[in-house]
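give me a model of this one.
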Amino acid sequence: MRKTTEDPRVRMWGPVCEAVALLLGPYAEVVLHDPDTDRVLQVWHPLTPRRAGDPSLLGELDALDPAGRDVYGPYEKLLADGRRLSSVSAVLRDGDGRAAAVLCVNLDRTPLERAAAVLSAFGAPTVRRPEPLFEQDWSERIQHAVGGYVREHGRPVERLTRQDRLAVLAELEQAGVFAVRRAAPAVAEALRVSRSTVYALLTELRAAPSEGLAP
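Modelled structure (predicted):
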């Protein structure tokens, strides 16, 4: 068990600091600072060589915008070994409103960044899809054309304009999708419009293929 210090601030807030360190351990360091002497009062699960009595260098808080009443962060810190930390600091006041201590929690982001990298690797294809495999799959081509247009232009399918829909239909027409008898209803479903809308747009598209699409 950690040796109990006689400082009354550590006795008062120490259990809270230890509880946070246990909850987020072993990836979080909790530090209690003395703002009067600018020294470290106590450290729970240290991520750095800092110990009680070392300089706090709390001047760093002066450059931060408070996120709430006496709360700063989360802000980023960097350790010498390259690890990035997300940190929050809170000014703890006594009954008279005087700043009696500063509590800092430093969370090591390394495991979160590794997990994000693994998930990204699983979620992102590393090679283009084999087109010959999908040449005859007109349903897949419809989904790919509509979904690709939505992602490229950053608009949800419900908000596509008439011009957007004409562009999608032009791509599908060029791919020969509408030669399949059941393609139009599938396109209507993918674009979330009625079949009659698809047929009207298709008629317009075919009427002026060489003149470009009317705005």
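
now stretch 164-172 - C-alpha only, CSV.
The C-alpha trace of stretch 164-172 is given here as CSV (Å, rounded to 0.1, in the frame of the first residue of the first chain):
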residue,chain,number,x,y,z
ASP,A,164,-27.1,14.2,-59.7
ARG,A,165,-29.6,11.4,-60.6
LEU,A,166,-29.0,12.0,-64.3
ALA,A,167,-25.3,11.6,-63.8
VAL,A,168,-25.8,8.3,-62.0
LEU,A,169,-28.2,7.1,-64.7
ALA,A,170,-25.7,8.1,-67.4
GLU,A,171,-23.1,5.9,-65.8
LEU,A,172,-25.5,3.0,-65.5
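
what's the mean pLDDT across it?
For stretch 164-172, mean pLDDT rounds to 93.

likewise for stretch 139-148?
Averaged across stretch 139-148, the pLDDT comes to 88.

now that stretch, how far from the chain's geometric center?
The chain centre lies 27 Å from the centre of stretch 139-148; the measure is C-alpha atoms, centre = their mean, to the nearest Å.

what do you get for stretch 70-90?
With C-alpha atoms, centre = their mean as the basis, stretch 70-90 stands 17 Å off its chain's centre.

measure that stretch end to end?
Stretch 70-90 has an end-to-end distance of 6 Å (C-alpha to C-alpha, to the nearest Å).

secondary structure element for residue 100?
strand 99-108 (DSSP states H and E).

just the CA trace of the next helix or strand after that strand, in PDB.
Sequence order places helix 110-123 as the next helix or strand after strand 99-108, per DSSP H and E. C-alpha atoms of helix 110-123 as PDB (Å, rounded to 0.1, in the frame of the first residue of the first chain):
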ATOM      1  CA  THR A 110      -1.000   4.400 -27.300                       C
ATOM      2  CA  PRO A 111      -3.400   1.400 -26.900                       C
ATOM      3  CA  LEU A 112      -6.300   3.400 -28.400                       C
ATOM      4  CA  GLU A 113      -4.200   4.400 -31.400                       C
ATOM      5  CA  ARG A 114      -3.100   0.800 -31.900                       C
ATOM      6  CA  ALA A 115      -6.700  -0.400 -31.800                       C
ATOM      7  CA  ALA A 116      -7.700   2.300 -34.200                       C
ATOM      8  CA  ALA A 117      -4.900   1.200 -36.600                       C
ATOM      9  CA  VAL A 118      -6.000  -2.400 -36.400                       C
ATOM     10  CA  LEU A 119      -9.700  -1.500 -37.100                       C
ATOM     11  CA  SER A 120      -8.800   0.800 -40.000                       C
ATOM     12  CA  ALA A 121      -6.700  -2.000 -41.500                       C
ATOM     13  CA  PHE A 122      -9.600  -4.400 -41.300                       C
ATOM     14  CA  GLY A 123     -12.100  -1.900 -42.600                       C
END
